[in-house]
Every structure is written in structure tokens, then in C-alpha cells.
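Q: Below are the sequence and a predicted model; questions follow.
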Amino acid sequence: MAQTIAIANQKGGVGKTTTAVNLSASLAAAEKRTLLVDMDPQANACSGVGIDKRALELTIYNALLGEATARDILVKTELARLDVLPSNTDLIGAEIELISAFAREGKLAGILREVQDDYDYVVIDCPPSLGLLTVNALTAADSVLIPLQCEFYAMEGLSQLTQTIRLIQRELNPRLTLRGILLTMFDGRNNLSHQVSEEIRRHFADQVFEAVIPRNVRLSEAPSHGLPVLLYDIASRGATSYLELAREIIQTGI
């Protein structure tokens, strides 16, 4: 059965979708069968792997409402071992439409159960909030990876997220663990990046990944071409950093 990793942080602009897309692509490039689940109504993970979200007839929204199965909505990508459960802006309505649904927090877990044996890894891109969509992702996941921007206020909101993880562990998903904290947008020329990195490693020690994602122009450009960075420029520092992260995750096997 697949290992399911939720990429979560309620703070926007910290590199969640960039991490979900490029970690998924790097795992697939390492010959791991990988499923990327887009749980963000902005659907940037879809466009990041070249899927036209406006052309989709069925998405994760339809699956959450019981109108489709995972296999009905599955989309193949340019990478042979990478598939996607896509979303679009319809997903905005799901939190309201599911409000009175029975066992609403476990809807995504039920959807993934159908296909989990087909994959080695399932990577879930969460929206920048701690609402029902993120709760569904954390309920379906084995572990959570937290991207953290190497800038001022980096740790803002982290205590709220860790409280939510403990609540999900206690009430909905006792197997959920913290996979690790990933430092993103690291600028080696900037003293603040080094200070933030040192502070986070001092606080969280071995819970911080060795791999660090740098600020990188090629990483920023890749989504506008509908490509993960390793298909856009595999020699870039952004691509090699995500390949290192994938290697670390595969080797630790947690």
C-alpha cells in the first residue's frame, strides 16, 4: 500500500504546491509509482504538471460528493509513473456542501482506498487553510510534510498547525506522524535565511530535512510552462534539491 504524505501549512506562499508537484515528479523519476492529489481549489498543482483545469469534466470535488470514483477522475501526466487526482475552482463549494455529510472528515481517505495499492507514494497538496479540505487530507495521510519559508515570521502559525495535527491524531487518524519540516526559499546570500535555518534546526533538530530548497529562477519559471522543474531544467539547483528530498524520503522509508 502507498505511503500517503500531506503537504500542509496554513500559511500561503511557503512553497506547498511547488513542493507537492516537484516531490511527486522526483519520486516518479526515481521509478516510484506516484499519485499527486490536488486538494486546493486554486488547482495550481494541476497546472504545474500541464493539466488544463478548465477542460476537466470530473475532479476531486465530484469524488468528494460521491458522484465519481478515483479511477473516474484519474489523469495521466507526461511522466510515466506520475498520475493526478485533479481539482478546479468547484472545490471551493465542497466545504459547504459537505457540512452536513456523514463522516465528512474521512471522505478523501475513502476515495484513496480504491487506488492506494496501485502506488508507492500518494502526495496531497493541501489548501492554505486548516478547514475541512485540509482535515480530510490529514485524516487520509500517514504523515505530514511542512514546508517552511526561510524568512521572517517563518514559524508564524506553526503552533496552530501542530495543534491541529495532534487533534487529528487523537480524534481521527492515530497513525498520522510528522514526516518532517522542509526549509524552502533559502537564499544563501542572505543572513536572515541562515538565521532562520539555524533557529528552526535548533528547535526541531532531527525533524528538519537535510534537503533545503533554494530560491531559484528555474523553479519559479517551470509552472508557467506546465512542467515540474526536473523536466524544465534538470541541471538547475531547484531540480537537484527536490531530487535530494525524494532520495531522503525513499531512504528513510518512514
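A: Looks like it came in fine. Just so it is clear, the model here is predicted, and its values are computed rather than measured.

Q: just checking, what packs against the helix or strand hosting residue 45?
A: Using DSSP states H and E, residue 45 sits in helix 44-48. For helix 44-48, the packing partners by 3 or more C-beta pairs under 8 Å, 6 or more residues apart in numbering; DSSP states H and E come out as helix 16-29, strand 34-38. C-betas here are computed from N, CA, C, even on glycine.

Q: export these to a markdown table and tack on distance to residue 59?
A: Below are those laid out as a markdown table (distance: least, C-beta to C-beta, whole Å):
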| stretch | distance to residue 59 |
| --- | --- |
| helix 16-29 | 16 |
| strand 34-38 | 8 |
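
Q: So for residue 196, which of those sits nearest?
A: helix 16-29 (17.1 Å; C-beta to C-beta).

Q: List the buried residues for the longest helix along the chain?
A: Assignment by DSSP state H gives helix 237-252 as the longest helix of the chain. Neighbour-count burial for helix 237-252 flags 237-246, 249-250 (criterion: 16 or more other C-beta atoms under 10 Å).

Q: Show me which of these is closest to residue 82.
A: The shortest approach to residue 82 among those belongs to residue 246, at 11.9 Å (C-beta to C-beta).

Q: Quick check: the closest one touching residue 26?
A: Yes: between residue 246 and residue 26 there is a contact under C-beta atoms under 8 Å: 3.6 Å.

Q: can you give me the strands for this protein?
A: Secondary structure of the chain, counting by DSSP state E: strands at 3-7, 34-38, 75-76, 82-85, 121-125, 143-149, 177-186, 208-214.

Q: quick one: contacts of the second one?
A: Surrounding strand 34-38, the residues in contact under the criterion C-beta atoms under 8 Å, 6 or more residues apart in numbering are 2, 20-21, 24, 27-28, 45-46, 49, 60, 81-87, 108, 112, 115, 118-125, 137.

Q: Quick check: residue 122 vs residue 225, distance?
A: Residue 122 sits 25 Å away from residue 225, going by C-beta to C-beta, to the nearest Å.

Q: which stretch among the strands of the chain comes nearest residue 164?
A: It's strand 143-149; of the strands of the chain, that one is closest to residue 164 (C-beta to C-beta) at 9.6 Å.

Q: Output the contacting helices and strands for the closest one.
A: With 3+ C-beta pairs under 8 Å, 6+ apart as the test, strand 143-149 has strand 3-7, helix 16-29, helix 158-171, strand 177-186 packed against it.

Q: Check these for me: which has the lowest mean pLDDT.
A: If you rank those by mean pLDDT, helix 158-171 sits at the bottom with a mean of 90.

Q: shaky segments in the chain?
A: Applying pLDDT under 70 to the chain flags residues 254.
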